[in-house]
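K.L.:
Below are the sequence and a predicted model for it; my questions follow.
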Amino acid sequence: MDYLVQLLVEQSRIPGMKSGGGLKPKAYTAIEKLMIERFGVEFIKDKIKNKLKYIKPNLTVMKEMLNTSGFGYDPINKCIQVDAPVWNDYIQGNEDDASPKVLCGFRRT
């Protein structure tokens with residue numbers, strides 16, 4: 001996943017690779033080529049786009065959490081850390097963010 005995110009960021013910084021709110025097809029073609037070289041033929045454009053559809057809502061919630069006082073990112077374990085009292089306060093105001101899909105990969109300390 002880290003490599004895919006790195007490629008997405010790189011492609012988004014190349015002039016002419018973005019259109020509106022997303023990447024142009026030629027950017028996905030470049031990403032597909034690099035993913036296939038590194039991981040094999042199963043990483044086609046459609047699979048990459050489906051993965052993005054799944055992670056985009058989670059990234060939005062993660063960004064909101066990290067902009068909230070008391071939340072931090074642990075780069076070693078690659079998860080968001082938060083103390084139980086802060087977590088409980090957050091969930092009371094954001095019940096929709098408590099779904100298992102969103103919490104997957106988060107660790108409460």
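P.N.:
Here it is on my side, so go on.
K.L.:
what residue ranges in this structure score low on pLDDT?
P.N.:
1, 95-109 (pLDDT under 70).
K.L.:
change it to 80
P.N.:
When residues are selected by pLDDT under 80, those of the chain lie in 1-2, 21, 58-59, 74-79, 93-109.
K.L.:
ok, which stretches of it are strands?
P.N.:
In the chain, the strands defined using DSSP state E lie at 18-19, 22-23, 71-74, 79-82, 107-108.
K.L.:
so how far is residue 66 from residue 28?
P.N.:
27 Å (C-beta to C-beta, to the nearest Å). (C-beta placed from N, C-alpha, C; glycine too.)
K.L.:
quick one: which of those two has more around it?
P.N.:
Taking neighbours as other C-beta atoms under 10 Å, residue 28 and residue 66 compare with residue 28 leading, 22 against 12.
K.L.:
residues in contact with the more buried one?
P.N.:
By C-beta atoms under 8 Å, 6 or more residues apart in numbering, the contact list for residue 28 reads 45, 48-49.
K.L.:
Run a quick neighbour tally on the nearest residue to residue 62 once chain neighbours are set aside.
P.N.:
What sits nearest to residue 62 in space, not counting adjacent residues and going by C-beta to C-beta, 6 or more residues apart in numbering, is residue 80, at 6.4 Å. Residue 80: 20 surrounding residues under other C-beta under 10 Å.
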